[in-house]
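*Asks:* quick one, fold the following:
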Amino acid sequence: MTALTDTVELHLDALYERDTADLIVRMRASDRPPPRVHLVRTVEANRWLFAASFSPVTRAALDALLTAEPVVPLIEAMEYREPACRDALAAVLASDAPPANEYRGPAFTFPSAATIYLTKRAHPSNLCFRERERP
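*Replies:* Residues are numbered from 1 along each chain as shown. The predicted structure is shown next:
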């Protein structure tokens, strides 16, 4: 793993509780239902998670599409380029359940020093938005 992929894992750990199969069970900081698919694209690799509610057949179909998704080498291009497999993903998702909202967030860049600091110092339990007990 690299500092960038470590940061992606930290981000996903902060957002979701996952089961032993790495499937999304629930969101950590919200009572809203979790997304059915979460795709993170970086200049090094793509990383995705699926909801635990999918059947193994649906997960396999989604995984095949995302495995073939090319890595976008320039972060600037990610801001405006939909995943190449977007339409195929939408079709698989629609065959499982009615379409839901789609969200594509902004592309972020971090100086390498910030990434190293995050991956060495941070842990999901220490993040400011994690639910904490009040005195």
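
*Asks:* run through the strands of this structure in chain order.
*Replies:* Under the criterion DSSP state E, the chain carries strands at the ranges 16-18, 24-27, 37-41, 46-50.

*Asks:* now the ones you listed as CSV including distance to residue 86, mean pLDDT and mean neighbour count?
*Replies:* Every C-beta, even on glycine, is put in place using the N, C-alpha and C of the backbone. Putting the strands of the chain into CSV (distance: least, C-beta to C-beta, whole Å; pLDDT from 0 to 100; neighbours: other C-beta atoms under 10 Å) gives the following:
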stretch, distance to residue 86, mean pLDDT, mean neighbour count
strand 16-18, 22, 95, 17
strand 24-27, 19, 96, 16
strand 37-41, 9, 93, 18
strand 46-50, 13, 95, 18
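
*Asks:* closest one to residue 9 among those?
*Replies:* Across these, residue 9 has its closest neighbour in strand 46-50 (7.6 Å, C-beta to C-beta).

*Asks:* off-centre distance for that closest one?
*Replies:* Averaging C-alpha positions (C-alpha atoms, centre = their mean, to the nearest Å) puts strand 46-50 5 Å from its chain's average.

*Asks:* run through who's touching it.
*Replies:* 5, 8-9, 12, 16, 18, 22-24, 36-40, 59, 62-63, 66, 69, 71 (C-beta atoms under 8 Å, 6 or more residues apart in numbering).

*Asks:* now do stretch 87-104
*Replies:* 35-37, 54-55, 58, 61-62, 65-66, 82-83.

*Asks:* farthest pair in those residues?
*Replies:* Most distant of those, by C-beta to C-beta, are 55 and 82, 25.6 Å apart.

*Asks:* what ranges do the helices span in this structure?
*Replies:* 3-15, 56-67, 75-78, 86-96, 112-121 (DSSP state H).

*Asks:* from memory residue 38 sits against residue 24, does it?
*Replies:* Yes. The criterion here is C-beta atoms under 8 Å, and residue 38 meets it with residue 24 at 6.9 Å.
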